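Q: Predicted model, plus sequence, below.
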Amino acid sequence: LIYTKNISDFLSFKQDFISGGSRSERCDIVSNLISKGCSVDSIEYPSVHVIIPTENEINTQVTPGEVSIQLRPGAEANFMLKVHPLKKYPVDLYYLVDVSASMHNNIEKLNSVGNDLSRKMAFFSRDFRLGFGSYVDKTVSPYISIHPERIHNQCRYPGFDVDMLN
């Protein structure tokens, strides 16, 4: 089907431009438009529109998944977002820890924090994995103590009666 008519045959425009003014003068506050001669019937009052589709959204963590908002400059719109954490959402947490003697206090604290964390994560996910990795800095300056008593045995740590390796 082919239409041979001109689009202007189907549409008519009601233009009540301010006589002698520019197109930019069409956008103004109502009192200014009226004072410049624009008829009240030609003034539009666009309002805020928030459209949230009512389709059932399944397997989503945030609803609504789609929101359409039409605003005027300076206007505000409010809508609610609901966050539903999925119980089967996989969470992998990996600790990488410096296990050198200087980190001894932090390592002990990590042991207690790790247990508490794994218990608390069970509330957020049934698919939770905890990994652990360790490293020790290079045995060269500036990563090691160059104190004469420690230079021959970096595993001996001040405040400990035994070597850290034993």
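A: Cool, got the structure.
Q: Show me what the lengthiest helix in the chain is packed against.
A: Counting residues, the longest helix found in the chain (DSSP state H) is helix 104-121. Other elements packing on helix 104-121 under the criterion 3 or more C-beta pairs under 8 Å, 6 or more residues apart in numbering; DSSP states H and E are strand 91-98, strand 128-135. C-beta here means a position set from N, CA and C on the backbone, and glycine is covered the same way.
Q: closest one to K109 among these?
A: Set against K109 and scored by C-beta to C-beta, the helices and strands packed on helix 104-121 come closest in strand 91-98, at 10.8 Å.
Q: Can I get that closest one as CSV, trimmed to CA atoms?
A: As requested, the backbone C-alpha atoms of strand 91-98 are provided in CSV (Å, rounded to 0.1, in the frame of the first residue of the first chain):
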residue,chain,number,x,y,z
VAL,A,91,30.4,-15.3,45.7
ASP,A,92,34.1,-16.1,45.6
LEU,A,93,36.3,-14.4,48.2
TYR,A,94,40.1,-14.8,48.0
TYR,A,95,42.5,-13.7,50.7
LEU,A,96,46.0,-12.9,49.6
VAL,A,97,48.1,-12.4,52.8
ASP,A,98,51.7,-11.3,53.5
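Q: Report the mean confidence score over it.
A: For strand 91-98, mean pLDDT is 84.
Q: buried residues in the lowest-mean-pLDDT helix or strand in the chain?
A: Lowest mean confidence among the helices and strands of the chain (mean pLDDT, DSSP states H and E): helix 104-121, at a mean of 79. In terms of neighbour count (16 or more other C-beta atoms under 10 Å), helix 104-121 has its buried residues at L110.
Q: To T63, which of the helices and strands packed on helix 104-121 lies closest?
A: Taking C-beta to C-beta, strand 91-98 is the member of the helices and strands packed on helix 104-121 nearest to T63, at 21.3 Å.
Q: still on that earlier bit, what angle sits between the least confident helix or strand of the chain and strand 91-98?
A: 180 degrees (axes from the mean of the first three to the mean of the last three C-alpha atoms, to 10 degrees).
Q: Let me know the angle separating helix 104-121 from strand 128-135.
A: Counting by the same axes, to 10 degrees, helix 104-121 lies at 170 degrees to strand 128-135.
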